[in-house]
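J.: one predicted model, sequence on top.
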Amino acid sequence: MSLTIQELVKDKLLKKLGVSFSVSSTQLEGSALDRKLFVQSIELLQELDDRQLFMLEELGIDMISFEDKHFRVIENLFQLLYSDDQLMFIEKFVYNKGTKKKKKLVKVLLSGGIPRKMPFNTPEDLWEIIQILQD
């Protein structure tokens, strides 16, 4: 008999604490799921880029020739989903390394050509910019 995650958690809590709990979970849907997947993808791309840079600088191994096609597939998928303006911010965020200590701001042109300065430090910040540019 296979127990669900909720049943396993409930059973463990009952055994450890001696108290009965009700355990429930919800699935992310719509824009919350889109945001989560986007943030995870950007974080993974940054990790891949950092690893690639480490391999080149510290070990002298150029992984670009091995991973180039994978990155092109990812970039092509992004091109299917995002506008040129959105892609510019995504590429700038992933590939332009700045100091982690310095807070970055970027200027985003809203509809009507009105500029707005926005934070550009986390994948969540990038998501907000992408959403503004989508309208």
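T.: All right, it came through fine.
J.: output the contacting helices and strands for the strand or helix carrying Ile130.
T.: In the assignment (DSSP states H and E), Ile130 maps to helix 123-134. Applying 3 or more CB pairs under 8 Å, 6 or more residues apart in numbering; DSSP states H and E, we find helix 123-134 packed against helix 30-59, helix 84-95, strand 105-109, strand 115-119. In short, each C-beta sits where N, CA and C put it, glycine included.
J.: which other residues reach that helix?
T.: Here helix 123-134 makes contact (CB atoms under 8 Å, 6 or more residues apart in numbering) with 35, 38-39, 42-43, 46, 82-83, 85-86, 89-90, 93, 106, 108, 110, 116, 118-120.
J.: mind redoing it with 10 Å?
T.: If you take CB atoms under 10 Å, 6 or more residues apart in numbering as the criterion, helix 123-134 is touched by 31, 34-36, 38-46, 81-90, 92-94, 104-106, 108-111, 116, 118-120, 122.
J.: just the buried residues of these.
T.: 35, 38, 41-42, 45, 82, 86-87, 89-90, 93-94, 104, 108, 118, 120 (16 or more other CB atoms under 10 Å).
J.: out of the residues you listed, which is nearest to Phe71?
T.: Leu45 (8.3 Å; CB to CB).
J.: while we're on that closest one, how confident is the model there?
T.: We have a pLDDT of 88 for Leu45.
J.: from Tyr95, how far off is the residue of the chain positioned farthest from its centre?
T.: When distances are taken from the C-alpha mean of the chain, Gly18 lies farthest, 39.2 Å away, according to CA atoms, centre = their mean. Distance, Gly18 to Tyr95, by CB to CB, to the nearest Å: 53 Å.
J.: can you confirm Lys97 is in a strand?
T.: No: assigned with DSSP: H, G, I helix; E, B strand; the rest coil, Lys97 falls outside any strand and is coil.
J.: now do the contacts for it.
T.: Counted by CB under 10 Å, 6+ apart, Lys97 has contacts 46, 49-50, 53.
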